[in-house]
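Trainee: Sequence isn't available, so here's the structure alone:
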């Protein structure tokens, strides 16, 4: 079978590096270009010695990003760029006929005003907001199948939306009750060379940040509102913890009825119906609780829940690898869907 | 000044080791006995080489615990034992005239039935429950001053009660709205030799546990109810994170009025009044948020809060060292108060 | 193509777990049995939730080990057992016609007296010592091809022998000059539930151990002596460092001639000849030095060397994953060779 | 007793921060000035919230460094600056009558040509090289007592020189046989904001670096040669390991005679004579080996040794905290000696 030619713009950050890893071993992708201003001229093997056993890495060199060249060389282009910058490439690439999978926040929101509120600058290409599809396969698989422009969700939103959306859709919880407490590994900050991400500043440290208005709230509330059919405002607190990878989210939710065996059955059935056949969602059995170490390096999201008869609340917990299911793995999952490949290709 | 003779029963766990550290350098304590079934016969220096520069550690040997001998040798006895076992020593030691500072859960609760519900065995000495004082100095300093029997709070309760009690007393939050999400370092589990606490099981791992009914709920709800003047039930989720020491607690609270500058002033004034002169509570200024790395090895609890105008909630965050302010440091703080010493002696 | 039926005896330790991981995804292996005294009766998915997306893990249950049953069910049996115990299963399994890949130390040595000296008990099956092949594919590929009984090397020896053997064979270094300083992650100790391997005992700790006579010296010196054609005694110091996986070995060697461009060329040519076509050895280029993070989770050994003109010494450094190339990955590599499969099957 | 007025130039790096910690609690030092280009204008409490319980930190502000002002305000000035920069302040401060304790490499060497060889620029103040005293108290206590200008040793050299110098002076080892293999925590790199020191680049990573010619070789060989009475060249390999603090050094040495009980007694007596009364060197007993976790946060260097009868070599191991005994603690130790204070003041 002929492989699809793919390129990565911004391949030197953590999301880009993970795309490189996944695409080098993807049986139906042919990585033909990687860009990086910082590393232009160097081979993949020089920048990422861990991939040097792939013969291609010894010849494929980082280049300066150039939309015209990329559109000629590649059918699919992954953008692993900061918000604001991604749009600069998405626009011409789409015009030139390439399919675009954007890992930035630029095209996740449908409302340019919300973008401006949360990202503090005018949206660079509001005309494209209608066109992009939010790349959460478990929710938007149909749309992704037909899309040539996918905006992949943020890492935190993936860990929160997947557990909450089925409950909202099934009208099992109060939409105004959602509290999401998330713990993220340090790669979540990207390969940002800032003092606060130095080893000795993160190791033996645990800290909340971005309180109370983190940027990811914008896409979270957009998607939660769509599912609830009513505007939803949530509480979200991210924390930085000393692991390389992984997000553990604990959700505090108020069910619309009192905890009972009947409610438990409804929740179980709701999750079973939503995710029972999903290849990348594992609903944990019996006493098991999510642990990031079980998902690190994989595209799985592990999920468990408990009804608390004392407080009447529903506690849902999820674990994912922030740069696989939370970022680059999910992008590959979308890539597979867009191409009609088996959805797990190159991911299991 | 003459030093007070002190003994530690169960000195080989993490709490016991930390008591050893603090008491060896305490200018008004004279450590005269340490017990440990496992290490009986060995010197302190052999078991804890890190303390070997204290000349005393080369002669002071672990012994089998014996209440009669301990009561003869020491005026104050610290019990760093598992619940259920502590009572076996507390009873005779008190009868023999020693003052007892118990780090276990045995004498924290006032109601033996609640103890039985949460600890799954009958209370071993219910007649003493009235006598013991809950060792949270910022709340019970007066009682501790006169006490000869103190039951030190658990590590999680300390990190939750100190931020919440003043708000409840000031009638600023809804008592039924309290959600406490806590992250603890691995010493919180004690020096338990179980597979789940092995390095490779905890490193690069983050996980919730003990959901939804952790034992610490019993003392939490006892103290919260006392402060609220009404029975309080709370949501509490502990998580294990890969650091040696530290608890970071994030509290989600519903104020009784809408967020406003006025409410912010009330909260600020409430904390200022409660803790403005406390030597071990640091209310963080302006943009700072708690980080466990700022309190590790110290008896401080760092505290910050934010009103979220979007959701109407109050977020309070605290950081402490789980085996200092959360356990052994707080025990020394009580010891200082009981003896009329400056409260910070040996702790700053 | 028909898959080979395989079983793992002792599948609950770190080496066993890694075999499970590699065999579940191996396209030419069919895992039919896993044994564990501790977990008998539980499914693979229950014990290792991280593998629960493989449908087989929900039905395949751990059993008590039984050589007769294993020999009936499986063509190849991997033994991931402590030394002394492995022999109990190797003997009957071989008699019953199974091929055996032993990860323990029981059949690495050719001399039962040396075994007794280093392992402190009589060798349990000395008659089999002649029969087993030392499973270092880069050195013994020919023999492994024909073998039905392979004794896989220890993790430290793999990291030391691969860099040193070609130099000894090419007569480039003094055999009595070898100093190996090795740093190992904590999984190297196995899933031993002992206090010294608890998280808080290993984290923020670095320490040497087993000095000066570690058990791995026996197989190291056996193989080095064979390569040198003369008895070789080496210096070896292992250290425990706070990472899950990885061994970094730094070797100090005395070349037989003074450092020069000519000597550098000889060394380069020697390594190139020995490993230029090896699929799992990566000789690092130019300025790169080994880093365990580049090999973790893989079967690669990364290697670099430097001549020091100031001291006249040759410094060689290697990095490997202690439970992949150092243990279970190497076992799969042998399995592939024994079956005539492409050597990298299931490993890249 | 009147406290000595002290200032720190470059107080925002790890060495500077540690000086702040030690001087704030030093009973005979009065910290009157801290400088930092980056933080000028901010209070100590704002930059280092962990010290905010010291009332002084809420008023003492970082200033731009100015030698004239510093010399007026302080009697002792600590320089925690990069090499090359430290000299700019040392020269005027000394002229203006301040005593200077320099933590950089600028005045450790006696030979300006060696400085230029290793530090790649001309020495900025060669006329002062004669005047400075190498601040290793266990070796140069007499000179430090009378000095007003001390150049504190590097962190690696401290961990190597203290174990080796007594052996060389006692003529027990071959001077050309010294191999030092060192493992350092990440604070050893300083608070350098470079990608290679980001959390996710160091965590789960172990790597050698700076091979084969590290800058610390210059001071190492100067001091070893002085002790041996003959020029000494050594092998030294530093490694970066994922801990915040700590250096573990393993030394491979060739004794001048064969291992024997007699040699063991000589070594023991040599160390006992050299360090038996030293307050900060702990010679470990019987089976104990150094572990960085026993010295972290302290000014101790732990030391153990083993004779290997198989190879004839002597293995010596040391552990220290790289920014206490390796840097700032040792600077305070010198400060105490220079002032005639008890040497352990503020350090135990």
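Mentor: Done, it's in. Since we're looking at a predicted model, the values are computed, not measured.

Trainee: Show me what the helix or strand harbouring residue A:145 is packed up against.
Mentor: Assessed by DSSP states H and E, residue A:145 sits inside helix A:137-146. Other helices and strands packing on helix A:137-146, by 3 or more Cβ pairs under 8 Å, 6 or more residues apart in numbering or on different chains; DSSP states H and E, are strand A:133-134, helix A:155-169, helix A:329-339. C-betas here are computed from N, CA, C, even on glycine.

Trainee: elements contacting the helix or strand following that helix?
Mentor: Beyond helix A:137-146 in the direction of the C-terminus, DSSP H and E gives the next helix or strand as strand A:149-151. When contacts are defined as 3+ Cβ pairs under 8 Å, 6+ apart, strand A:149-151 packs onto strand A:99-102, strand A:133-134, helix A:329-339.

Trainee: now the ones you listed in TSV, with distance to residue B:233?
Mentor: Putting the helices and strands packed on strand A:149-151 into TSV (distance: least, Cβ to Cβ, whole Å) gives the following:
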stretch	distance to residue B:233
strand A:99-102	45
strand A:133-134	38
helix A:329-339	38
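
Trainee: could you dump those to JSON lines with distance to residue A:86, mean pLDDT and mean neighbour count?
Mentor: Listed next are the helices and strands packed on strand A:149-151 as JSON lines, based on distance: least, Cβ to Cβ, whole Å; pLDDT from 0 to 100; neighbours: other Cβ atoms under 10 Å in any protein chain shown:
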{"stretch": "strand A:99-102", "distance to residue A:86": "5", "mean pLDDT": "98", "mean neighbour count": "26"}
{"stretch": "strand A:133-134", "distance to residue A:86": "15", "mean pLDDT": "98", "mean neighbour count": "22"}
{"stretch": "helix A:329-339", "distance to residue A:86": "13", "mean pLDDT": "98", "mean neighbour count": "25"}
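
Trainee: Indicate which one of these is closest to chain B.
Mentor: helix A:329-339 (17.5 Å; Cβ to the nearest Cβ).

Trainee: which stretches of chain A form helices?
Mentor: Ranges of helices in chain A, per DSSP state H, are A:14-24, A:44-47, A:67-73, A:86-95, A:112-119, A:137-146, A:155-169, A:199-202, A:216-228, A:261-275, A:329-339.

Trainee: chain center to the first one, what's the gap?
Mentor: To tie it back to what came earlier, the one meant is helix A:14-24. Computed by Cα atoms, centre = their mean, to the nearest Å, the separation of helix A:14-24 from the middle of its chain amounts to 14 Å.

Trainee: ok, that helix near chain D or not?
Mentor: Yes - with Cβ under 8 Å from any Cβ of the partner chain as the measure, helix A:14-24 is seen reaching chain D through residue A:14.

Trainee: Please name every helix or strand in contact with that helix.
Mentor: strand A:4-9, strand A:29-35, helix A:329-339.

Trainee: got the angle for the shortest one vs strand A:29-35?
Mentor: Read it as strand A:4-9. For strand A:4-9 against strand A:29-35, the angle by axes from the mean of the first three to the mean of the last three Cα atoms, to 10 degrees is 20 degrees.

Trainee: Show me the contact partners of strand A:4-9.
Mentor: Contact with strand A:4-9 is made by A:16, A:19-20, A:23, A:28-35, A:65, A:70, A:73-81, A:89, A:335, A:339, as judged by Cβ atoms under 8 Å, 6 or more residues apart in numbering or on different chains.

Trainee: returning to that earlier point: could you dump the helices and strands packed on helix A:137-146 into TSV and include distance to chain D?
Mentor: Putting the helices and strands packed on helix A:137-146 into TSV (distance: least, Cβ to the nearest Cβ, whole Å) gives the following:
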stretch	distance to chain D
strand A:133-134	27
helix A:155-169	14
helix A:329-339	17
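
Trainee: Turn these into JSON lines, columns for distance to residue D:235.
Mentor: Shown next, in JSON lines, are the helices and strands packed on helix A:137-146 (distance: least, Cβ to Cβ, whole Å):
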{"stretch": "strand A:133-134", "distance to residue D:235": "58"}
{"stretch": "helix A:155-169", "distance to residue D:235": "45"}
{"stretch": "helix A:329-339", "distance to residue D:235": "45"}
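
Trainee: Chain C: which of the ones you listed is closest?
Mentor: helix A:329-339 (13.5 Å).

Trainee: low-confidence ranges in the stretch 201-348 of chain A?
Mentor: Within the stretch 201-348 of chain A, no stretch has pLDDT under 70.

Trainee: How about the residue of it found nearest chain D, nearest residue that isn't a chain neighbour?
Mentor: Closest approach between the stretch 201-348 of chain A and chain D, counting by Cβ to the nearest Cβ: residue A:202, at 4.0 Å. Take residue A:202 and drop its neighbours on the chain: the residue closest to it by Cβ to Cβ, 6 or more residues apart in numbering or on different chains is residue D:199, 4.0 Å away.
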